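Participant: Structure, please.
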Amino acid sequence: MTPTPHNSAKKGEIAKTVLMPGDPLRAKYIAENFLENPVCFNQIRNMLGYTGTYNGKQISVMGGGMGMPSVGIYSYELFNFYDVDNIIRIGSMGAYADSIQLGDLVMAIAASTDSNYVSTFGIPGTYAPAASYGLLRTAVETAEKLGVKTVVGNVLSTDVFYADDPEFNAKWKKMGVLGCEMEAAAFYMNAARAGKNALCMFTVSDHLFRDEHLSAEARQTGFHDMMKVALEAFAK
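Facilitator: Coordinates of the predicted model:
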């Protein structure tokens with residue numbers, strides 16, 4: 001019997017460090033193009049997961065889906081049922097900041113949110129979801145060594161892809177938020193509660209104030225700088 005109904009992996013089949021893109025096909029692409037001897041450990045709901053090695057170090061990669069309800073389930077199970085210590089989200093985001101360009105690598109030191117996800121923890125105040133500093137420092141140093149432009153700051157994890165308020169994005173931009181995505185806050189809260197580590201890094205796929213966009217194909221296969229930084233930083 002496997003630990004959860006969402007993951008067919010048995011104990012020991014998932015590495016201590018997991019890279020988690022949202023798109024399961026991006027997980028498949030990473031496994032097939034970057035890992036040595038990858039083995040698929042999950043196909044339930046087509047949320048593909050693989051374990052292989054990179055430079056001799058065992059590492060796993062698994063899709064997490066879109067939005068905090070989806071990644072909340074998968075990250076919770078990895079931390080609590082599969083003894084995973086580190087999850088590094090490698091995703092896409094829409095930029096707000098004028099200085100950010102398509103393809104830039106953004107690392108989230110913190111994740112503001114409009115989600116009610118935090119209410120499940122019963123905290124008597126406003127909780128600030130933040131990255132694990134050790135992972136963040138390692139990733140930034142690795143990006144610098146590889147010559148990859150990196151921007152570090154606050155991002156927005158939103159529950160709403162199509163906001164009804166036409167000023168929604170502008171209001172967050174005024175507060176210095178770099179851009180928006182839909183998962184980081186849940187990763188950071190689940191990691192904090194489990195006493196584990198999480199970092200979210202993103203390739204800018206859209207600029208929401210300049211109407212600039214990467215193609216769907218580029219989103220799936222073209223995030224090589226981010227993938228290389230993640231693997232070089234955490235498969236060692």
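Participant: all helices for this protein, in order.
Facilitator: Using DSSP state H, the helices of the chain run over residues 24-34, 68-81, 133-146, 168-174, 184-194, 216-221, 224-234.
Participant: What lies in contact with the third one?
Facilitator: Counting by Cβ atoms under 8 Å, 6 or more residues apart in numbering, the neighbours of helix 133-146 from elsewhere in the structure are 86, 88, 105, 107, 109, 149-150, 152, 197-199, 201, 225, 228-230, 232-234. Backbone N, C-alpha and C define where each C-beta goes, glycine included.
Participant: want to try a markdown table for the helices of the chain, with mean neighbour count, mean pLDDT and distance to residue 59 as columns?
Facilitator: Shown next, in a markdown table, are the helices of the chain (neighbours: other Cβ atoms under 10 Å; pLDDT from 0 to 100; distance: least, Cβ to Cβ, whole Å):
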| stretch | mean neighbour count | mean pLDDT | distance to residue 59 |
| --- | --- | --- | --- |
| helix 24-34 | 19 | 95 | 9 |
| helix 68-81 | 21 | 98 | 13 |
| helix 133-146 | 16 | 97 | 14 |
| helix 168-174 | 16 | 98 | 33 |
| helix 184-194 | 25 | 98 | 17 |
| helix 216-221 | 14 | 68 | 19 |
| helix 224-234 | 21 | 95 | 7 |
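Participant: For residue 208, find the nearest of those.
Facilitator: Nearest of these to residue 208, taken as Cβ to Cβ: helix 168-174 at 5.3 Å.
Participant: Tell me the helices and strands packed up against the closest one.
Facilitator: Secondary-structure packing of helix 168-174 (3 or more Cβ pairs under 8 Å, 6 or more residues apart in numbering; DSSP states H and E): no helix or strand packs against it.
Participant: so what's the residue nearest the centre of the chain up against?
Facilitator: By Cα atoms, centre = their mean, the chain has its centre lying nearest to residue 89, at 1.9 Å. The neighbours of residue 89, taking Cβ under 8 Å, 6+ apart as the test, are 20, 21, 64, 71, 183, 184, 187, 198, 199, 200, 201, 202.
Participant: Tally up the residues packed near the second one, please.
Facilitator: Residues lying near residue 21 (other Cβ atoms under 10 Å) number 27.
Participant: my read: it touches residue 66, true?
Facilitator: No - using Cβ atoms under 8 Å as the test, residue 21 is too far from residue 66 to be in contact (10.8 Å).
Participant: how close does the residue nearest to the centre of the chain get to residue 8?
Facilitator: Distance of residue 89 to residue 8, computed by Cβ to Cβ, to the nearest Å: 22 Å.
Participant: Over to residue 30?
Facilitator: 19 Å.
Participant: ok, back up a step: the residue nearest to the centre of the chain pairs with what?
Facilitator: residue 20, residue 200 (DSSP bridges).
Participant: what are the phi and psi values for residue 165?
Facilitator: Main-chain dihedrals, residue 165, degrees, to the nearest 10: phi -80, psi 120.
Participant: For it, list the residues it contacts.
Facilitator: residue 171.
Participant: What of residue 59?
Facilitator: Taking Cβ under 8 Å, 6+ apart as the definition, contacts of residue 59 comprise 15, 17, 18, 19, 35, 51, 52, 53, 231, 234, 235.
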